[in-house]
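> structure for this input, please:
(chains A, B, C and D)
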Number of protein chains: 2
Amino acid sequence: MGFQVGEVILIPTTIKDVAEVAGVSVTTVSRALNGYSDVGEETRRKVQKVAEELNYRPSAVARSLVMKRTKTIGLLISEMMSDKSGHHFTFEVLRGLHDALAKNGYDLIFANTTTAKQRLLSYLDFCTERRFDGVIVMGIRLDDPYVHEVTESPLPSVVIDIPLLSKHCGYVMTDNIHGCELAIQHLTSRGHRNIGFVNGHKEAEVSRQRLRGYKDALEKCGLPFEPSLVYEGDFSVESGAAGLEALLSANPDLTAVFFASDLMAIGALRWAQQQGIKVPGDVSIVGFDNIELSEYVTPGLTTIHQRRYEMGVTAANSLVAMLEGDMAQGRVLPPDIVIRGTT
Amino acid sequence: MGFQVGEVILIPTTIKDVAEVAGVSVTTVSRALNGYSDVGEETRRKVQKVAEELNYRPSAVARSLVMKRTKTIGLLISEMMSDKSGHHFTFEVLRGLHDALAKNGYDLIFANTTTAKQRLLSYLDFCTERRFDGVIVMGIRLDDPYVHEVTESPLPSVVIDIPLLSKHCGYVMTDNIHGCELAIQHLTSRGHRNIGFVNGHKEAEVSRQRLRGYKDALEKCGLPFEPSLVYEGDFSVESGAAGLEALLSANPDLTAVFFASDLMAIGALRWAQQQGIKVPGDVSIVGFDNIELSEYVTPGLTTIHQRRYEMGVTAANSLVAMLEGDMAQGRVLPPDIVIRGTT
DNA sequence: GTTGCAAACCAAAACGTTTTGGTTTAGACT
DNA sequence: AGTCTAAACCAAAACGTTTTGGTTTGCAAC
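Got it, this is the predicted structure:
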């Protein structure tokens, strides 16, 4: 008897123990500790004292079973966001999620997509086994079939960076269209007319949006859209360098390039410096994300800031609201432009 | 009846449902699905088929209650590691932890130290309520009283970066002494004789070790230890700059400085460049950690690499081993030196 | 035609809570 | 003296599993 972990046996006090010592029923202990009104003041104090003395901690497991809610939220992250370079974006969102969830009494359980694969379960099955109250979905590729199983299920979910809205599925994302507009406007205001664009891979919804934003912004500024000015990268440092090289050789009169991620912009910046191309002298560079790195490269990277911590908080609060009966919502956060040395 | 989340009611199939449809007892369903031998082949197939059809997923909650183990590991991180700059170190360790735990069927639950504070519980009480099977402790200040409550309790734990070893508490850390030796040896091999040291705050065990390592290495190289060559920072970018400034003004003949973290080294590097001090021309810089950033600053930062992902994996495996009855262990991982442009 | 044994199955207890639907007691009102 | 009500308490059911200690059946061995 007791809680078996390894060779050790932990024996946490149960409500029964408290009841016996206090000389009342378990019902009374439960109701006394949970603040119900049908227990006498004296009895309540007695129970509290005994519970304190025995160091009683109600089992979340037992409670979850009978209450039919676990107060746990699953965090579904794809490798895309949890790989070696994922931290720049992911970590801050995570902090926001955690802080807001903790404030509401929920715990966050990691369940990156390998967890499920390890156990040969679909994400949804995994969530069902663990009886999560809700799920946060993050960095999922549009072509991942399992993710839709989750977002379409009745399990309440909030998706980050894909605008999926249904009865049980809300989302949070940055206003990418406006972000691109800020970037292009800034470049044109500095006199640039030939502005290239290096996008992320097209399995990401944000890539679609940013391409659209780039086009819209050009139009707004009265510039023509030129397909040869667009390069499809994959968000990585390497593809940024490759993108700049490709665009420059195809368009020698290019004077500025907008990148769909800071990591790509930084890759391009390094490549340019190695090639003796001056930034911003020969070519100006604007990134997207405002990761911490962008402040520390030389020259500092001009970029579009995403409120990552706030995205986490918003997603968490949105999910909690759904769990309390609110409608699912889509929330779009405004970006800001941060002007540094590359423009 | 059913699982209540918000207004929605999810009704997962239970073992009872499967039993009824398959026309057997719940005992048989349980034993059939869990591979026991006292169930006929035909019955087993029948049960499996029905379970599949009804999409049955055994409740981890109910199972935890009766099995007296939750297959969950708590992750205790202090603000120190989960603040805005924490990701450089924390995220990789996290990945290692998660990957290794998932492989063993354990889930990782975030419980940064604010979680507990929010709920007015000690960390240990929080762990007890959630009935974690074990805990990973990370980035805790030496002077945090609650952490010792955890590591001294019978709850199996593995601490990262503090050498606490007892019956139920193991640890994983980098060989800081050797790391410092690598750094100092590298600097002396380049002819430096006056080598300063900017340490982290002294509430961190790693700071103590790195100071010791710095001293030992000087001695090994036949150089005298000079207290005025040591500055106590706090691991932050700002304190790195302040450290370099202070050391330089107190010791004009300084030619190299070793920093206890990359973040501080980078702060110093930026400050130096702003002041027109050439790196590595006027002063050489070595950091510690090898965070991703250190590769991208200009010039690239020479630093001591910590195997962060491996630390996570090692800690996780160590904890799992303890849960299976092994002794708690202390494991020390070797550092490497990464030579880049600042030396 | 017992006895013994293995194979296949099952009823019930246990895990630690919350909640439902009571019962008991004491005092107030007729 | 009887009825009603409110306050204080409690027994038992429920949650969904695993496990213990069986029982039943059929067949081989004597």
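> so residue A:18 is in which element?
In the assignment (DSSP states H and E), residue A:18 maps to helix A:15-22.
> which bits of the stretch 101-250 of chain A sit near DNA strand D?
Residues of the stretch 101-250 of chain A lying close to DNA strand D (CB under 7 Å from any atom of the strand): none. Placement of C-beta: from N, CA and C, glycine included.
> where does pLDDT dip in the stretch 101-250 of chain A?
The stretch 101-250 of chain A contains residues with pLDDT under 70 at A:116, A:118, A:140.
> near chain B, which residues of it are found?
Residues of the stretch 101-250 of chain A lying close to chain B (CB under 8 Å from any CB of the partner chain) are A:102-103, A:105, A:107-112, A:114-115, A:118-119, A:125, A:128-131, A:133-134, A:154-156, A:168.
> what's the PyMOL syntax to select whichever of those are buried?
Buried residues within these, by 16 or more other CB atoms under 10 Å in any protein chain shown, are selected in PyMOL with:
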select buried, chain A and resi 102+103+107+108+109+110+111+112+114+115+125+128+129+130+131+133+134+154+155+156+168
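> among the residues of the stretch 101-250 of chain A next to chain B, name the ones in strands.
A:107-110, A:134 (DSSP state E).
> ok, and which of the residues of the stretch 101-250 of chain A next to chain B reach DNA strand C?
Of these, not one also sits near DNA strand C (CB under 7 Å from any atom of the strand).
> can you name the residue of the stretch 151-300 of chain A nearest chain B?
Chain B sits closest to residue A:298 of the stretch 151-300 of chain A, with a gap of 4.7 Å, by CB to the nearest CB.
> returning to what we had before: and the two most separated of the ones in strands among the residues of the stretch 101-250 of chain A next to chain B?
A:110 and A:134 (14.7 Å; CB to CB).
> just give me the neighbour total for the closest residue to residue A:38 other than its chain neighbours.
With sequence-adjacent residues excluded and distances taken as CB to CB, 6 or more residues apart in numbering or on different chains, residue A:38 is closest to residue A:31, at 6.5 Å. By other CB atoms under 10 Å in any protein chain shown, the residues close to residue A:31 number 18.
> repeat that for residue A:117.
15.
> that one and residue B:71, how far apart?
17 Å (CB to CB, to the nearest Å).
> quick one, what contacts residue A:264?
A:198, A:200, A:233, A:235-237, A:239-240, A:243, A:287 (CB atoms under 8 Å, 6 or more residues apart in numbering or on different chains).
> hmm, 10 Å instead?
Residue A:264 makes contacts with A:198-200, A:231, A:233-244, A:257, A:285, A:287-289, as judged by CB atoms under 10 Å, 6 or more residues apart in numbering or on different chains.
> quick one: buried residues of the helix or strand where it lies?
Assigned by DSSP H and E, residue A:264 belongs to helix A:262-275. Residues of helix A:262-275 classed as buried under the neighbour-count rule (16+ other CB under 10 Å) are A:262-272.
> also stretch A:54-73?
For stretch A:54-73, by 16+ other CB under 10 Å, it's A:54, A:56-65, A:68-73.
> sorry, back to before: can you give the contact residues for the helix or strand just after the helix holding residue A:18?
Proceeding N to C from helix A:15-22, the next assigned helix or strand is helix A:26-33, under DSSP H and E. Here helix A:26-33 makes contact (CB under 10 Å, 6+ apart) with A:14-22, A:24-25, A:36-41, A:43-48, A:50-51, A:56, A:58, A:63.
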